[in-house]
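K.L.:
Next come a sequence and a model predicted from it.
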2 protein chains.
Amino acid sequence: MKPDRDAPIGVFDSGVGGLTVAREIMRNLPSEKIVYFGDTARVPYGAKSRENIIRYSKQIIHFLMEQQVKAIVIACNTASAFALDEVRDEFEIPIIGVIEPGARVAAEETKNKRVGVIGTVGTIDSGIHASYLKKLDPDITVIGKACPLFVPLVEEGWLHDPVTMEVTARYLQEFKDKNVDTLILGCTHYPLIRSTIREFMGEEVRLVNPAYETALDLKALLQKKDLVSAGQEQEEFPYRFYVSDLADKFKAFAGSILPYDVETTKKIDIEKY
Amino acid sequence: MKPDRDAPIGVFDSGVGGLTVAREIMRNLPSEKIVYFGDTARVPYGAKSRENIIRYSKQIIHFLMEQQVKAIVIACNTASAFALDEVRDEFEIPIIGVIEPGARVAAEETKNKRVGVIGTVGTIDSGIHASYLKKLDPDITVIGKACPLFVPLVEEGWLHDPVTMEVTARYLQEFKDKNVDTLILGCTHYPLIRSTIREFMGEEVRLVNPAYETALDLKALLQKKDLVSAGQEQEEFPYRFYVSDLADKFKAFAGSILPYDVETTKKIDIEKY
């Protein structure tokens, strides 16, 4: 059966961070509907095992398919790193992650072929950015660095703050020392401290936010599969939000990322999927 | 059926933090065996809902009872805050938490009746320390403050660090301003940055680490229930460790808290309980 072009896009993340990806999809594909799932009961994914992240991702995809989505975006770097290949093998629905789009633009943009990647412990230890980048250009040197304090600093709301600046300096000095000219923001929370990272790294270093590139990849994918929404007048609010815990807190944080209030967040029991 | 006096004590936490409580039990009740469970797949508990924390705690208690423990210590402030009353109603086995022992000693020690409490968002929002303290002495003023960056700073290993000092100053200045003379370390990770907290708060403020008091409460409970171990020569290592994810990382961190290497950590699927 041909999927419905007017079906929504499924987008998921370990929590609120993936809303930075959803935001880019809203901006760049304004006629598409979105069903967003934030796994707030099991957040963070960054220090958990491959095996558990794969299990979580499969449960969430089952839930999103029940919502009759036409395509799925894994808007979480750790889940993209650990689970994308596995779930593409298992499910027929088109699925994209956030690692490949970021790696591709970094490979295109670097001049001196020295690319830095920051992310969670899980994403960095997986070495997945390096493996994509090396496939694109074997001459690229990739330097990865896990930055586990960035997510809690963002969630504390200390976005422009002396503490965040000091932590940024501590984590990123290595990239200056090693002369990278391109830095991938390999975690969906990091665009929220982009200006602090920019201030430390300087104007000359290219910061890659994979969210934007992912939205463009999604657009290309929908075109290729003939799944672009007809874009008729939408009668109701086109975005639905689900979480696995504490819907109210999610709503408050979502309001700081998205350009409007999130009214209709529902909590579901993801362990049932 | 009378429980076996030589059965182990069950101790659980959302992750490694509860080992600071296990350590005090090992020191103060050296003839007791321990089965420790760290819920590393679902850590942290601090920002999750009451409902989920109760569900997690019940699953873990089912697991510990399968290990034939004779008593259970909830070595996690958030789980003690949300789940202790519920699980005491549901299970016959003796269960103690870490909130009441800490509150009791704080009520005894404060001179000016101004007590501060630091902990996770969940623990502080629950207001449970205040409710115990007010029962003990209605004249006590309780000032609570959630410190969500402390756990990731401890887990990053930045125990004596200018960043941790700055974050400490930011979080704790309010307690100086409000002239508290007693501060409860209401999260099991916090004793690991006790010296940084001490440096900021000064020698005159009493810091209460509920772990020690909890071990003494456990001792009294075992005596009352006639469950003290006969203390015969132990033939094998008396401590067993279980986790729900990434046993190796747990072992590494455990080694920094406990005075010996943790050799025998097993990973189990806690969602089955």
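P.N.:
Good, I have the coordinates.
K.L.:
Quick check: next helix or strand after the helix or strand bottoming out on mean pLDDT in chain A?
P.N.:
When the helices and strands of chain A are compared on mean pLDDT, DSSP states H and E, helix A:247-257 comes out lowest with a mean of 84. Next helix or strand after helix A:247-257 toward the C-terminus (DSSP states H and E): strand A:265-267.
K.L.:
What residues does the stretch 101-250 of chain A have near chain B?
P.N.:
Contact residues, the stretch 101-250 of chain A versus chain B (C-beta under 8 Å from any C-beta of the partner chain): A:148-149, A:151-153, A:155-156, A:162-163, A:166-167, A:170, A:245-246, A:249. Backbone N, C-alpha and C define where each C-beta goes, glycine included.
K.L.:
And the contacts of stretch A:253-265?
P.N.:
A:16, A:19-20, A:22-23, A:26, A:155, A:157, A:192, A:237, A:239-243, A:247-248, A:250-251 (C-beta atoms under 8 Å, 6 or more residues apart in numbering or on different chains).
K.L.:
In chain A, which residue sits nearest chain B?
P.N.:
Taking C-beta to the nearest C-beta, chain B has its nearest neighbour within chain A at A:Pro152, 4.4 Å off.
K.L.:
What's the separation between the residue most central in space within chain A and A:Glu263?
P.N.:
Closest residue to the average C-alpha location of chain A: A:Ala75 at 3.2 Å, with C-alpha atoms, centre = their mean. According to C-beta to C-beta, to the nearest Å, A:Ala75 and A:Glu263 sit 21 Å apart.
K.L.:
Contact partners for A:His129?
P.N.:
A:His129 makes contact with A:Ile99, A:Gly102, A:Ala103, A:Ala106, A:Val115, A:Val117, A:Gly119, A:Thr123, A:Val142, A:Gly144, A:Ile184, A:Gly186, according to C-beta under 8 Å, 6+ apart.
K.L.:
Ok, A:Glu66 next?
P.N.:
If you count contacts by C-beta under 8 Å, 6+ apart, A:Glu66 has them with A:Tyr273.
K.L.:
how many other residues sit next to A:Arg5?
P.N.:
Counted by other C-beta atoms under 10 Å in any protein chain shown, the residues lying close to A:Arg5 total 15.
K.L.:
List phi and psi for it.
P.N.:
phi -60, psi -30 (degrees, to the nearest 10).
K.L.:
my guess is it meets A:Ala230, correct?
P.N.:
Yes - counting by C-beta atoms under 8 Å, A:Ala230 is a contact partner of A:Arg5 at 5.9 Å.
K.L.:
So which bits of the least confident helix or strand of chain A are buried?
P.N.:
A:Ala247, A:Lys249, A:Phe250, A:Lys251, A:Phe253, A:Ala254, A:Ile257 (16 or more other C-beta atoms under 10 Å in any protein chain shown).
K.L.:
Point out the ones among the contacts of stretch A:253-265 that are inside strands.
P.N.:
Applying DSSP state E to those, the entries found in strands are A:Tyr239, A:Arg240, A:Phe241, A:Tyr242, A:Val243.
K.L.:
thinking again about what came up before, which residue is the nearest non-sequential neighbour of the residue nearest to the centre of chain A?
P.N.:
Leaving aside its sequence neighbours, A:Ala75 sits nearest to A:Gly18 (C-beta to C-beta, 6 or more residues apart in numbering or on different chains; 3.2 Å).
K.L.:
returning to that earlier point: write the ChimeraX selection for whichever of the contacts of stretch A:253-265 are buried.
P.N.:
Applied in ChimeraX, the following selects the buried portion of the contacts of stretch A:253-265 according to 16+ other C-beta under 10 Å:
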select /A:16,19,20,22,23,26,155,192,239,240,241,242,243,247,250,251
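K.L.:
picking that back up, ok, the buried residues of helix A:247-257 vs B:Phe82, which is closest?
P.N.:
A:Lys249 (15.3 Å; C-beta to C-beta).
K.L.:
My guess is the closest one contacts B:Lys48. True?
P.N.:
No - applying C-beta under 8 Å, one finds A:Lys249 not in contact with B:Lys48, separated by 9.7 Å.
K.L.:
which neighbours do these two share?
P.N.:
A:Thr40.
K.L.:
what ranges do the strands span in chain A?
P.N.:
A:9-13, A:34-38, A:71-74, A:95-96, A:114-119, A:141-146, A:182-185, A:206-208, A:239-243, A:265-267.
K.L.:
list the buried ones in stretch A:221-237?
P.N.:
Judged by neighbour count (16+ other C-beta under 10 Å), stretch A:221-237 contains these buried residues: A:Leu221, A:Leu222, A:Leu227, A:Val228, A:Ser229.
K.L.:
Out of these, the closest to B:Thr196 would be?
P.N.:
The shortest approach to B:Thr196 among the buried residues of stretch A:221-237 belongs to A:Leu221, at 49.6 Å (C-beta to C-beta).
K.L.:
residues near the closest residue in space to that closest one that isn't next to it in sequence, how many?
P.N.:
Once flanking residues are discounted, A:Leu221 sits nearest to A:Pro94: 5.7 Å by C-beta to C-beta, 6+ apart. Using other C-beta under 10 Å, A:Pro94 has 19 neighbouring residues.
K.L.:
one step back: so which two of the ones in strands among the contacts of stretch A:253-265 are the farthest from each other?
P.N.:
Farthest pair in those, by C-beta to C-beta: A:Tyr239 and A:Val243, 13.6 Å.
K.L.:
so A:Leu64 makes contact with A:Val73?
P.N.:
No - if you go by C-beta under 8 Å, A:Leu64 and A:Val73 don't touch, sitting 9.9 Å apart.
K.L.:
For the closest residue to A:Val69 other than its chain neighbours, give me its contacts.
P.N.:
Excluding its sequence neighbours, the residue lying closest to A:Val69 (C-beta to C-beta, 6+ apart) is A:Gly10, at 3.5 Å. Counting by C-beta under 8 Å, 6+ apart, A:Gly10 makes contact with A:Ile34, A:Val35, A:Phe37, A:Ile61, A:Leu64, A:Met65, A:Gln67, A:Val69, A:Ala71, A:Ile72, A:Val73.
K.L.:
again, 6 Å this time
P.N.:
Applying C-beta atoms under 6 Å, 6 or more residues apart in numbering or on different chains, we find A:Gly10 in contact with A:Val35, A:Leu64, A:Val69, A:Ile72.
K.L.:
Just list whatever residues bridge to it.
P.N.:
A:Val35, A:Ile72 (DSSP bridges).
K.L.:
Could you tell me how many residues sit around the residue lying closest to the residue of chain A closest to chain B once chain neighbours are set aside?
P.N.:
What sits nearest to A:Pro152 in space, not counting adjacent residues and going by C-beta to C-beta, 6+ apart, is B:Pro152, at 4.4 Å. By the criterion of other C-beta under 10 Å, B:Pro152 has 21 neighbours.
K.L.:
I am assuming B:Pro152 contacts A:Val154, so please confirm or correct that.
P.N.:
No - if you go by C-beta atoms under 6 Å, B:Pro152 and A:Val154 don't touch, sitting 11.4 Å apart.
K.L.:
count of neighbours near A:His62?
P.N.:
The tally of other residues near A:His62 (other C-beta under 10 Å) stands at 13.
K.L.:
Quick one: residues contacting it.
P.N.:
A:Tyr273.
K.L.:
any idea how far it is from A:His129?
P.N.:
Taking C-beta to C-beta as the measure, A:His62 falls 28 Å from A:His129.
K.L.:
Next: A:Ile25.
P.N.:
Applying C-beta to C-beta, the value for A:Ile25 to A:His129 is 22 Å.
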